Every structure is written in C-alpha cells, then in structure tokens.
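Engineer: sequence first, predicted coordinates after that:
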There are 2 protein chains.
Amino acid sequence: MTKKWDVFPSTTLKVGQDFRLAGFDTAATPGFSGNEKDALKIMDKHAKALSELQEKLFADGRTGGTTSVLLVLQGMDTAGKGGIVRHVVGMVDPQGVQHRAFGKPTDEELSHHYLWRIRNALPAPGKIGVFDRSHYEDVLVVRVHDLVPGAPWAERYAEINAFEAEVAAAGTRIIKCAMLISPDEQKRRLAERLERADKYWKFNPGDIDERAYWNEYQAAYQAMFDGTSTDVAPWYAVPADNKWFARLVVGSLLFEALSSLNLGWPAADFDVAEQQRRLAELEI
Amino acid sequence: MTKKWDVFPSTTLKVGQDFRLAGFDTAATPGFSGNEKDALKIMDKHAKALSELQEKLFADGRTGGTTSVLLVLQGMDTAGKGGIVRHVVGMVDPQGVQHRAFGKPTDEELSHHYLWRIRNALPAPGKIGVFDRSHYEDVLVVRVHDLVPGAPWAERYAEINAFEAEVAAAGTRIIKCAMLISPDEQKRRLAERLERADKYWKFNPGDIDERAYWNEYQAAYQAMFDGTSTDVAPWYAVPADNKWFARLVVGSLLFEALSSLNLGWPAADFDVAEQQRRLAELEI
C-alpha cells in the first residue's frame, strides 16, 4: 500500500509570520512518512491527473477564461529549480507551459522598473507560467550585494505584494516555492558538478563567490519570507536536500492548485446538432 | 523482439521533386512493419535518448554554441499537431523547448512582413523550437482564400527558401513535418469533437468552412511541397491517420536530428582543480 501525504504540504510548508529559516530542517519530509518509491507512485498519479487538469485550464483560456497559474521557483545555486522544471513541469503538455528563466538583467531590462520584465512574462490565460528565479532576485541578490544602494526594502516588499495581488485578482493562481538546501548539501552538489564532465556546464566559478555570502542570503530570504508571504501569494518553504521530496512537494502543490480551480470542460458555444448536420452533409 | 524501423523515415518520408500528394496513403506505415505496441517501445527508448540529447543541446547553447533545432508542424485541422506537441515534444525538458502556436495574425503582425513574427519566434541557441503552424500559413490559408490578391507565389516560395537557408546557416536544424490525414479521417475526428463534451472546445464551426476547401488545400500543399522542400529544410510527409505512427515518425526524426548534431558535453572553461580547492577551503 503506497504511503500518502499525512498532511498536505499546502498546510505544513506554508510560510507564516512565525516561520524561521534558521533551524529549518532542509532534509526533513514533513507531512510525509513514505519513501522515495512511494513518492514516485504518487507522482505517477499526479502526472495523469495534471495532464487532464492542465488541458481543462488550457481549454478555459481558449474559450474566454482568464485563469492561469504561476509557479515561482527560488533557491540558492544547485537547489534543484531546474530539476523541478524537468521532472514536475515536464509532466504536462508543453503547449500549456510558459517557462521563463530570469538571469542577470539585460541593459534593456535595467532601463525599466524591475517588475517590467516580470509583467512581460506573466502567463497568458490558460497557461501554467513557470518562473525560474523571478522578481525576488531584486530582494535577494540585489539586497545581498547592495546593488541598489539605499533601496527601501520594506517598500519593495509592499510593492511586490501589491503587484502580486493585482496579478492574482486578474485570475492567476500564484504558487511560490523556495527550494531550501543546507550549505553542506550545496557543497556536495557543487563538488559533483566539478567531478562529472556532464555537469561542468552547470558550474560557474561565480557560484563559489555567491556561496561565500550564504549567511547574508539566509537573512535576505528571512526578510523576504517575512515581507511577502501573503494570502493570495503564499510562500512554501520546500525542504530540498532530498530531490525526490522537493519534486513531490511541488508536484502536489501544483496538483492541488489546479484541482482547486474546479474547472470543467467549456460548454459548446455553437449548436452541436447543427454542426453535426453540416459535417454530415458536406461532400468532399 | 520489438520491431524496429526497416527504413528510417528521414529516407522514406522526405519530400522530393517527384512527390505527389494525390494518392498518398495517409493510413500507411512506410518503413515500419511493427504495430502500435512496438512503436510505443521505440518511443520509450527515444524518450530516454532525447532527454540526454536535449540537455547536451541546451548545455551547448549555455556555453556559447549557436546550434538549435526547429520543428515546424503543418496540417489540416485535426491532423494531430497538438498531439505531437503533447506526446513527442513533451518527452523533453520544457526548459529546453520554445513552443509557439501561430494563429490568425494580429493587427500588429499584419502591419509587418509575414516573416516578421516568425523571425521573432526563432529558437534561441540550445533550444528546440516548435512551430504549431508557421510561415507556411502564408502560402496555404492565404493562398486558398486569396487573402493577398495577386501574390506572386513562386516568389514567396523563393523568399521562404532564402529565409530558411539563412536560419539554417545560423545554426538551426530545421525539420518540417506535414501531418497528412485523409478527408474521411478528418470527418471522423471532427465528428468526435462534436460528440464528446471534453472536445467541444477544440471545435470551431469555421473548421467545417475550411473543410469545404479540401481540394484547394491539397493543391496549395502540393505547390508548397514542390516549392519549399530543400536540402537544408526538407519537408517530411507524415501519414497521420494513425496517431501512433505519426508520433513515432516525428519522435524518430527529432531523435535523428539531435543525434546527428554530434554534441558532446562542453569542456570546463575554468580550472577544475582550482575550483575544487576553492570549494573545499571556503568555510560556511
């Protein structure tokens, strides 16, 4: 008998006002007493369900609906954001996915407000948008390295909350996942990238420069959690030392979010019998 | 023992100067004597291989390579373009896919040359671009309905060939698949969309209007094949009455194209031992 969630991650992993990153167990599997094999079985079921749920969302968007989903992925280097895209987002039809990875801003992007490039990448109705990094870089790397000296961070969090509230009100279900690994786990993963020829391309000497700021990043993440986990766009703190668990969590959150949209198949906006007659009568 | 390809589809299905659409058997499985079950087994193998090949392509793009792949899908309504995206393109990491469906041009698109929106959607280095419909609409629906009266079609084919030659020379491997179904098969599929509540959203009364132009479309496809199947961007005529066979064909063509790029893993552009030392010495 496959183990299921004891408590669903939308409950246990939601970041509330009392969340403390210090002491958070990145190797734990809260709410789940099963193992990797159980997790894979659940994922298989999610894959089937997500396939239909995604198609309903897409159909809704094609017939005038305004609903979409936005999955925001943040995490330190090697935290597994790419693996989530490959293994979780990869379960649904690519036609329904709008994926965007945000790197260092281009000159054009820098010439605009930091939310400009984000707005341009928001998912269209019917789509599942996936942000690999996001506007949160502007309160993480930018804060850690003081790239906007004197930036009023509290105001920036309020600005982000207002932005996300607007996006949510327009029909986008927002799921923000912070993939959290321990410094030791990051060390192991960086070491692996330096040991395997098929992983060199994922490594950048700058990753070690950034690693040196681990504690500063922890503080920036804590402030981000404190400032931007809202009812309409909550953060989920995902223990990500175990890749299989992180994937199970994000897959389950995505499944729950899509299920809760309660979308049916769109009704025909034409007279079915009439069209059947037209089809039957047309000689080719 | 799983049946394999007797002759690979890049040979049997490539559109040459003597290709005639009239009489083409859309229910055949040329080059393949296996059944659906055999096809699914081959697809499982392709899925594993494609996963690594796509990652190599992506890695190449991330490390300065200019190679990309572009899969162009054309076909009459219900020909199965969407199924190819879901079931074939869906085998690879969505991070590496740049999917674009081309509908009726917007006012902005109409204000530009018809290749403008196509150029804007070309795959970035390292990506697998997928066009669900494409610039070929401008020599198919546009020709059938004479939307650009007096358009010099021969010149348009030459223009498209020059465009694709330029794209290929810049590093993009182009695979153009025409999904070919019989009029009877289209009738069955349209009827199904009118019978199933989960398919209504895919149906549009305009689909029957277009079906009335079947013979005109056949002529436009033939002229397109005659004018635009080139060495750098050949057309493949995919018998698509059997969905499983069409998926096997496109999956196999994609597999062959990616394999033939002969990409290895990028070499490290840093001193591996030095970075290992830096990582080991950094205290967190």
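Structural biologist: Looks like it arrived, so ask away.
Engineer: can we go C-alpha only for contacts and neighbour counts from here?
Structural biologist: OK.
Engineer: on the three-state scheme, A:Ala22 is what?
Structural biologist: Under the three-state scheme (DSSP: H, G, I helix; E, B strand; the rest coil), the conformation of A:Ala22 reads as coil.
Engineer: next, count neighbours for it.
Structural biologist: A:Ala22 is surrounded by 10 other residues when neighbours are defined as other C-alpha atoms under 10 Å in any protein chain shown.
Engineer: tell me the phi and psi of it?
Structural biologist: phi -60, psi 130 (degrees, to the nearest 10).
Engineer: what helix or strand is the closest residue to it other than its chain neighbours located in?
Structural biologist: Spatial nearest neighbour of A:Ala22, excluding adjacent residues (C-alpha to C-alpha, 6 or more residues apart in numbering or on different chains): A:Gln218 at 7.9 Å. Using DSSP states H and E, A:Gln218 sits within helix A:214-228.
Engineer: which bits of the stretch 1-150 of chain A sit near chain B?
Structural biologist: Taking C-alpha under 8 Å from any C-alpha of the partner chain as the measure of proximity, the stretch 1-150 of chain A contacts chain B at A:59, A:62-63, A:82, A:85-87, A:89-95, A:97, A:99-100.
Engineer: assign A:Arg100 to helix, strand or coil.
Structural biologist: In three-state terms, and counting by three-state DSSP, A:Arg100 is strand.
Engineer: pull up the gap between it and B:Glu166, please.
Structural biologist: Spatial separation of A:Arg100 from B:Glu166 under the definition C-alpha to C-alpha, to the nearest Å is 27 Å.
Engineer: kindly report the same for A:Asp25.
Structural biologist: Noted for A:Asp25: a distance of 53 Å to B:Glu166, by C-alpha to C-alpha.
Engineer: next, the buried residues of the host helix or strand of A:Ser51.
Structural biologist: Secondary structure from DSSP H and E places A:Ser51 in helix A:36-62. By neighbour count, and taking 16 or more other C-alpha atoms under 10 Å in any protein chain shown as the criterion, the buried residues in helix A:36-62 are A:38-40, A:42-43, A:46-47, A:49-51, A:53-62.
Engineer: distance from the chain centre to the helix holding A:Gln218, please.
Structural biologist: Here helix A:214-228 shows a centroid-to-chain-centroid distance of 18 Å under the convention C-alpha atoms, centre = their mean, to the nearest Å.
Engineer: now A:Val238, what's its secondary structure?
Structural biologist: The three-state assignment at A:Val238 reads strand, by three-state DSSP.
Engineer: can you give me the helices in chain A?
Structural biologist: For chain A, applying DSSP state H gives helices covering A:9-12, A:36-62, A:81-87, A:107-110, A:116-120, A:141-144, A:153-169, A:183-195, A:205-211, A:214-228, A:243-260, A:272-281.
Engineer: got the contact list for the first one?
Structural biologist: Just to be clear, that refers to helix A:9-12. Contacting residues not belonging to helix A:9-12 are listed as A:30-31, A:236, A:249, A:252-253 [C-alpha atoms under 8 Å, 6 or more residues apart in numbering or on different chains].
Engineer: again with the last one
Structural biologist: The contact list for helix A:272-281 (C-alpha under 8 Å, 6+ apart) reads B:187, B:190-191, B:194, B:205, B:208.
Engineer: okay, now the residue nearest to A:Ala22: neighbour count?
Structural biologist: Under the neighbour criterion other C-alpha under 10 Å, A:Gln218 is assigned a count of 16.
Engineer: kindly report the same for the one 10 residues further on.
Structural biologist: Using other C-alpha under 10 Å as the criterion, A:Thr228 is surrounded by 22 other residues.
Engineer: re the thing from before, surely the residue nearest to A:Ala22 is in contact with A:Arg20?
Structural biologist: No - the pair A:Gln218 and A:Arg20 does not pass the contact test of C-alpha atoms under 8 Å, sitting 10.2 Å apart.
Engineer: contacting residues for the residue of chain A positioned farthest from its centre?
Structural biologist: Counting by C-alpha atoms, centre = their mean, the extreme residue of chain A relative to its mean C-alpha position is A:Glu283, 49.9 Å from that point. Remark: with contacts taken as C-alpha under 8 Å, 6+ apart, A:Glu283 is in contact with B:Ala212.
Engineer: understood, closing this out.
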